[in-house]
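**Q** next come a sequence and a model predicted from it.
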Amino acid sequence: MCLKVLLVDDHVMITDCYKMALKDLEINSEITSVNSLKCAYNFVFKQNLEVIDLAVLDLSMPECLENNLKNGEDLARLLRTKHPEIKIIFISGYLNKLTLSSIIKNINPEGLIEKSDLNYDSIHVIFKKIIEGEVYKSERINKTINENSINKIHFDSLNREIILLISQGITTKNIPNYIPLTLSAVHKRKSTIKELLHIHSGNDEDIIRESRKIGII
């Protein structure tokens, strides 16, 4: 059996490092590395591959708007749809609670790793565990998941998504382009968010500041 692997990161040195780690496992593999979401999309949907067994993805990469890909999570959704048996590993920079919550809910990846938890000696060991069927989360990922401050306030998924978009600099009028809500509904939810955060008057900066205090972003 030949393991079909896709590596996606916008830094060539990183995908090269992953490739060397996989080769250290001395398993029969066919590895493709790409360095943009557009190239990843073209590989997945224009090569007509019967299967991709393993994908190692970065979360934060330049958008590919022509294919409606804003980040690695959007790519992972497409991979899950086209290749239901694929194992997905996210290796990224800092992942806050909202981002982790979205990834776990929508993708449920076999691996979640912060780059700061990695060293070269550990990468091939982690890959081996996941290929053999384990689910792996790195130390900082587990710490973020286990911190329960996000549960102190009952935000639903749309409210959390609105906060995340605000923190990314998305203006209120543009939020309906990212989530299935009307502009009127967004305004109502922002009012609710302010109430939950005990913001009696304030702007988006106040929402961001108070959300950070309790660990939502």
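**A** That came through fine. Numbering: from 1, shown residues only.
**Q** domains of this structure?
**A** 3-146, 150-213 (automatic domain parsing).
**Q** columns mean pLDDT and mean neighbour count on top of those, output as CSV?
**A** Heads up, the C-betas are built off the backbone N, CA and C, glycines and all. Supplementary listing: these in CSV, determined by pLDDT from 0 to 100; neighbours: other CB atoms under 10 Å:
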stretch, mean pLDDT, mean neighbour count
domain 3-146, 91, 17
domain 150-213, 87, 15
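**Q** so where do the helices sit in the chain?
**A** For the chain, the helices defined by DSSP state H occupy 12-24, 37-46, 72-82, 97-106, 120-131, 139-146, 157-167, 183-196, 204-213.
**Q** among the ones you listed, which is nearest Asp58?
**A** helix 72-82 (5.4 Å; CB to CB).
**Q** and that closest one, what does it pack onto?
**A** In terms of contact count using 3 or more CB pairs under 8 Å, 6 or more residues apart in numbering; DSSP states H and E, helix 72-82 is assigned the packing partners strand 3-8, helix 37-46, strand 54-57, strand 87-92, helix 97-106.
**Q** which of the ones you listed sits closest to Ile27?
**A** The stretch from the helices and strands packed on helix 72-82 with the least distance to Ile27 (CB to CB) is strand 3-8; that distance is 6.0 Å.
**Q** which secondary structure elements does the closest one contact?
**A** helix 12-24, strand 29-34, helix 37-46, strand 54-57, helix 72-82.
**Q** run the last query once more with 6 Å
**A** strand 29-34, strand 54-57 (3 or more CB pairs under 6 Å, 6 or more residues apart in numbering; DSSP states H and E).
**Q** so can I have TSV of the helices and strands packed on helix 72-82 showing distance to Asp206?
**A** Formatted as TSV, the entries for the helices and strands packed on helix 72-82 read as follows, by distance: least, CB to CB, whole Å:
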stretch	distance to Asp206
strand 3-8	36
helix 37-46	33
strand 54-57	34
strand 87-92	28
helix 97-106	17
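**Q** looking at those, which is closest to Glu66?
**A** Between Glu66 and these, the shortest gap by CB to CB is with helix 37-46, which sits at 7.4 Å.
**Q** what sits against Leu57?
**A** By CB atoms under 6 Å, 6 or more residues apart in numbering, the residues touching Leu57 are 8, 72, 76, 90.
**Q** what about it, distance to Ala40?
**A** 8 Å (CB to CB, to the nearest Å).
**Q** intersection of neighbour lists for those two?
**A** Taking CB under 6 Å, 6+ apart as the contact rule, the neighbours common to Leu57 and Ala40 are Val8.
**Q** so Leu165 touches Ile175, yeah?
**A** Yes: look at Leu165 against Ile175 with CB atoms under 6 Å: they come within range, at 5.4 Å.
**Q** closest one to Glu63 among the helices and strands packed on helix 72-82?
**A** Across these, Glu63 has its closest neighbour in helix 37-46 (7.0 Å, CB to CB).
**Q** the closest one vs strand 3-8, what angle?
**A** Counting by axes from the mean of the first three to the mean of the last three CA atoms, to 10 degrees, helix 37-46 lies at 150 degrees to strand 3-8.
**Q** by contact count, what packs against helix 37-46?
**A** Counting by 3+ CB pairs under 6 Å, 6+ apart, the elements that helix 37-46 packs against turn out to be none at all, helix or strand.
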